[in-house]
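**Student:** here are the coordinates; sequence isn't available:
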């Protein structure tokens, strides 16, 4: 029997999320079923919501069961400017269609992806120490010295997480400051890595290891904060440390492959890529050990295609996941269904009002996320709570490094 349910409306909602905003697509069908997705405009992508709204006219009236056809049609309509915020708009629409389709069928979204392979997914505590250093007003307790770094390492182990990820910090008079020149804070477009940064990074990693103990895996995220020379310096500086992976962003697959072949640690990358075409050069260069896929950006259905290609190149995948609880649930369904999974990212430090914003929070037991069996993604935004926390007009990376 052919299923049919047409999209009746598509709305954009947003709310305050501390240093950024959370953004959502609400797609309502003519049956009254609502499909939700979460997207992001704060990670270097201003204007995704505007693109979604502009594309919504081609979604209204279409059968939500035909999400692949809708994605193909929207891609054709935007092909001359494919990628960027347009691709992210397509991903957000696709994810809302998947939620609506699964709810109409009365099944969890992982059933649309081939069914779940695993009931629980190992997670790592992302931005460990990072949020409490960079955003102490929103994430408590604030970390102001190495003792605080050691303490959060102990907290990770005490709460039975098996892995954590942290970032690069500069220490002045013992006080840590986020070192993010790739994101303009400090503004240093040459993005060079000096001796002090190397010393401070090693000190930071040793402190978090001291707190976490020998059995917690440690991941380092370098983001876009160096060029090839700098990344190699970082890798040489921490060569003798026990690292689960070092995460490196590079726009050049050849450069990243060159780095990986000299790295003593596994390399992960690609969280900012959009579509299989952008991933393929990195696979051909064997540029990473783990391919990171942003499923809110790409769409979960399209992300499964990228993961399948990664499998052909003997590469495992991990989702990019540092958003709200709906994104975590979307990524959980991806992780449940994808065969070549490495580990899942999740933020454990949360805003005081995060739990108000969603009907269900991710359930984590002994460092693993339990896959929900509720229809759709397994959680929805609470619209009343969203209205109680109206979005900021200035937020995200666009606000990084600004004075006053």
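**Tutor:** Right, received. Where do you want to start? Just so it is clear, the structure is predicted and the values come from calculations on it, not from any experiment.

**Student:** Show the contacting residues for residue 69.
**Tutor:** Taking C-beta atoms under 8 Å, 6 or more residues apart in numbering as the criterion, residue 69 is in contact with residue 62. Backbone N, C-alpha and C define where each C-beta goes, glycine included.

**Student:** Can you list the low-confidence ranges for the stretch 251-400 of the chain?
**Tutor:** 400 (pLDDT under 70).

**Student:** Could you rerun that using 80?
**Tutor:** 394-400 (pLDDT under 80).

**Student:** which residues in it form helices?
**Tutor:** Secondary structure of the stretch 251-400 of the chain (DSSP state H, counting those that start in this stretch): helices at 253-262, 276-284, 295-298, 300-312, 325-337, 383-388.

**Student:** now the stretch 101-250 of the chain
**Tutor:** 130-134, 146-158, 195-212, 228-237.

**Student:** Out of these, which is closest to residue 363?
**Tutor:** Closest to residue 363 of the helices of the stretch 101-250 of the chain, according to C-beta to C-beta: helix 146-158, at 18.2 Å.

**Student:** Name the residues of the closest one that come out as buried.
**Tutor:** For helix 146-158, the neighbour count (16 or more other C-beta atoms under 10 Å) marks 146, 148, 149, 150, 151, 152, 153, 155, 156, 157 as buried.

**Student:** got these as JSON lines, with pLDDT and distance to residue 25 columns?
**Tutor:** Shown next, in JSON lines, are these (pLDDT from 0 to 100; distance: C-beta to C-beta, whole Å):
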{"residue": "146", "pLDDT": "98", "distance to residue 25": "42"}
{"residue": "148", "pLDDT": "98", "distance to residue 25": "38"}
{"residue": "149", "pLDDT": "98", "distance to residue 25": "38"}
{"residue": "150", "pLDDT": "98", "distance to residue 25": "41"}
{"residue": "151", "pLDDT": "98", "distance to residue 25": "39"}
{"residue": "152", "pLDDT": "98", "distance to residue 25": "34"}
{"residue": "153", "pLDDT": "98", "distance to residue 25": "37"}
{"residue": "155", "pLDDT": "98", "distance to residue 25": "35"}
{"residue": "156", "pLDDT": "98", "distance to residue 25": "33"}
{"residue": "157", "pLDDT": "98", "distance to residue 25": "38"}
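
**Student:** So which of those is the closest to residue 47?
**Tutor:** residue 152 (35.1 Å).

**Student:** Now do residue 264: how many residues are near it, please.
**Tutor:** Using other C-beta atoms under 10 Å, residue 264 has 12 neighbouring residues.

**Student:** ditto for the one 3 residues further on
**Tutor:** Using other C-beta under 10 Å as the criterion, residue 267 is surrounded by 22 other residues.

**Student:** so what's it up against?
**Tutor:** 245, 246, 247, 248, 256, 259, 260, 287, 288, 289, 290.

**Student:** Return the two entries of these that lie farthest from one another.
**Tutor:** Spatially, the most separated pair among the contacts of residue 267 is 259 and 290, at 14.2 Å (C-beta to C-beta).

**Student:** What's the separation between residue 10 and residue 29?
**Tutor:** 10 Å (C-beta to C-beta, to the nearest Å).

**Student:** With residue 210 instead?
**Tutor:** 54 Å.

**Student:** Not including adjacent chain positions, what is the nearest residue to residue 53?
**Tutor:** Setting aside the residues directly before and after it, residue 53 is nearest to residue 12 in space (C-beta to C-beta, 6 or more residues apart in numbering), at 6.1 Å.

**Student:** residues in contact with residue 352?
**Tutor:** Counted by C-beta under 8 Å, 6+ apart, residue 352 has contacts residue 138.

**Student:** The one 3 residues further on now?
**Tutor:** When contacts are counted by C-beta under 8 Å, 6+ apart, residue 355 touches residue 361.

**Student:** repeat for residue 339
**Tutor:** Contacts of residue 339 by C-beta under 8 Å, 6+ apart are 117, 307, 311.

**Student:** Could you count how many residues lie near the first one?
**Tutor:** Residues near residue 117, counting by other C-beta under 10 Å, number 15.

**Student:** which residues does the residue nearest to residue 373 when sequence neighbours are not counted bridge with?
**Tutor:** Leaving out its chain neighbours, the residue that sits closest to residue 373 by C-beta to C-beta, 6+ apart is residue 108, at 5.5 Å. Beta bridges link residue 108 to residue 376 when assigned by DSSP bridges.

**Student:** so residue 108 sits right up against residue 99, yeah?
**Tutor:** No - between residue 108 and residue 99 no contact is recorded; they are 10.2 Å apart, counting by C-beta atoms under 8 Å.

**Student:** Give the full set of residues in contact with the nearest residue to residue 141 once chain neighbours are set aside.
**Tutor:** Closest residue in space to residue 141, ignoring its immediate chain neighbours: residue 132 at 6.8 Å, by C-beta to C-beta, 6+ apart. Neighbour list for residue 132: 139, 140, 141, 142, 143, 148, 152, 349 [criterion: C-beta under 8 Å, 6+ apart].

**Student:** In ChimeraX, select just the buried ones from those residues.
**Tutor:** Typed into ChimeraX, the next command selects the buried ones out of the contacts of residue 132 (criterion: 16+ other C-beta under 10 Å):
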select :139,143,148,152,349
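
**Student:** Could you check how many residues crowd around residue 101?
**Tutor:** For residue 101, using other C-beta under 10 Å, the count is 23.

**Student:** same question, residue 137
**Tutor:** Using other C-beta under 10 Å: residue 137 sits among 8 other residues.

**Student:** quick one, phi/psi of it?
**Tutor:** phi -70, psi -30 (degrees, to the nearest 10).

**Student:** Quickly list the domain ranges of this protein.
**Tutor:** Here the domain parsing of the chain from the TED database is 6-107, 112-383.

**Student:** nearest to residue 396, of these?
**Tutor:** domain 6-107 (2.5 Å).

**Student:** okay, how far is it across the closest one, tip to tip?
**Tutor:** For domain 6-107, the first and last residues are 19 Å from each other (C-alpha to C-alpha, to the nearest Å).
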